[in-house]
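A.B. asks: Any chance you could fold what I've pasted below:
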Amino acid sequence: MSSELLIQRDQPPGVPPLSLTGERTLPDVPAENYWYRRHLAVYEWIGSRVAGLRVIDMACGEGYGADVLASRAASVIGVEANPEAYEHARLRYRQPNLRFERATIETFAAPVDVIVLSQTIEHLANPAEVLTRFATLVGLGGVVFVSTPNLLTIAAPGAAKSDNPWHLREYRAQEFAELCGGIFASVELYGVYHARKLALHSFALRLGWDALHPRLSLTRAFYNWFVPVVSTSDFRIARGPLERALDFVAVLRK
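C.D. replies: The predicted model follows:
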């Protein structure tokens, strides 16, 4: 794939585009749209639960998630250590109740009701330490939302992890629940699943579509059309069955 296809398109004036490295997902990259919408669906789900609250979006990346949260929350701080991602987010997303800080998730602190950690815990060498710190920051009555991919659906069968070089560990549902339950008294675990046209596509794959489209020389044309039109409504968040979930979303309280 051409490197030009992995750079954000059509950014506002003065906002430097980011390149897709695999470390974080990005909007405005058509080939990445599936992953962006999959993560955005979770941010929208969390956003509907944080109205009027003070929120920190830890490791906020490009900033799109913090922007979604700010549409409902009383205030949002997007925390990002990477200098390019931080500068992009600061310049692109502007709401009166939204600001970005360049800092690490291990050191940043501010008064907060909610912490969001999206698709990051699998990157961490010290996940229990980070979650313990988050529990202290939100205190009693606060909530921590954590999303992470399901090892069973992101990795090859029997593999210890996927081939994503940025991931240090990927979790099965029970492993993720045990990690969170060692720190938080209340752990609610949800799954992200395909819906609408992605559910139909999954059904077609089970019927043999993945063997048919190469023989018809339709693969590139089909996915060049299909991936960019995926939307957040093509995902749903529900309680289970968790072994089939694409991602897990934990809702954690002390």
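A.B. asks: To which secondary structure element type does the nearest residue to Tyr64 once chain neighbours are set aside belong?
C.D. replies: Nearest in space to Tyr64, with sequence neighbours left out and distances taken as Cβ to Cβ, 6 or more residues apart in numbering, is Pro27 at 5.3 Å. (C-beta placed from N, C-alpha, C; glycine too.) Under DSSP: H, G, I helix; E, B strand; the rest coil, Pro27 falls in the coil class.
A.B. asks: Strands along the stretch 101-250 of the chain, start to end?
C.D. replies: Assigned by DSSP state E, counting those that start in this stretch, the stretch 101-250 of the chain shows strands spanning 114-118, 143-149, 186-194, 235-238, 247-253.
A.B. asks: Parallel or antiparallel, which strands does the fourth one pair with?
C.D. replies: Meaning strand 235-238. With DSSP bridges as the test, strand 235-238 is paired with strand 186-194 (antiparallel).
A.B. asks: quick one: low-confidence ranges for the stretch 151-254 of the chain?
C.D. replies: Filtered on pLDDT under 70, the stretch 151-254 of the chain yields the residue ranges 209, 212, 216.
A.B. asks: Can you list the low-confidence ranges for the stretch 1-150 of the chain?
C.D. replies: In the predicted model, the stretch 1-150 of the chain carries pLDDT under 70 at residues 1-5.
A.B. asks: which residues of it fall in helices?
C.D. replies: Using DSSP state H, counting those that start in this stretch, the helices of the stretch 1-150 of the chain run over residues 33-47, 64-70, 83-92, 127-138.
A.B. asks: Would you pull up how far the second one lies from the middle of the chain?
C.D. replies: From the chain centre to the centre of helix 64-70 is a distance of 12 Å (Cα atoms, centre = their mean, to the nearest Å).
A.B. asks: which residues are in contact with that helix?
C.D. replies: Applying Cβ atoms under 8 Å, 6 or more residues apart in numbering, the external contacts of helix 64-70 come out as 27, 36, 39-40, 43-44, 46-47, 50, 55, 57, 60, 76-78, 89, 93, 95, 97-98, 100, 116, 118.
A.B. asks: With the last one instead?
C.D. replies: Around helix 127-138, the neighbours that count as contacts under Cβ under 8 Å, 6+ apart are 56, 58, 105-106, 109, 112-115, 117, 121, 124, 144, 146, 169, 179-180, 182-184, 252, 254.
A.B. asks: got the angle between it and strand 247-253?
C.D. replies: For helix 127-138 against strand 247-253, the angle by axes from the mean of the first three to the mean of the last three Cα atoms, to 10 degrees is 40 degrees.
A.B. asks: Report the backbone C-alpha coordinates of helix 127-138 in PDB.
C.D. replies: Output in PDB follows, covering the C-alpha atoms of helix 127-138 (Å, rounded to 0.1, in the frame of the first residue of the first chain):
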ATOM      1  CA  PRO A 127      -1.100  -2.400  33.800                       C
ATOM      2  CA  ALA A 128      -1.900  -3.200  37.400                       C
ATOM      3  CA  GLU A 129       0.100  -0.200  38.600                       C
ATOM      4  CA  VAL A 130      -1.700   2.100  36.200                       C
ATOM      5  CA  LEU A 131      -5.100   0.800  37.100                       C
ATOM      6  CA  THR A 132      -4.300   1.200  40.800                       C
ATOM      7  CA  ARG A 133      -3.300   4.800  40.200                       C
ATOM      8  CA  PHE A 134      -6.500   5.400  38.300                       C
ATOM      9  CA  ALA A 135      -8.500   4.000  41.200                       C
ATOM     10  CA  THR A 136      -6.900   6.500  43.500                       C
ATOM     11  CA  LEU A 137      -7.500   9.400  41.100                       C
ATOM     12  CA  VAL A 138     -11.200   8.800  40.700                       C
END
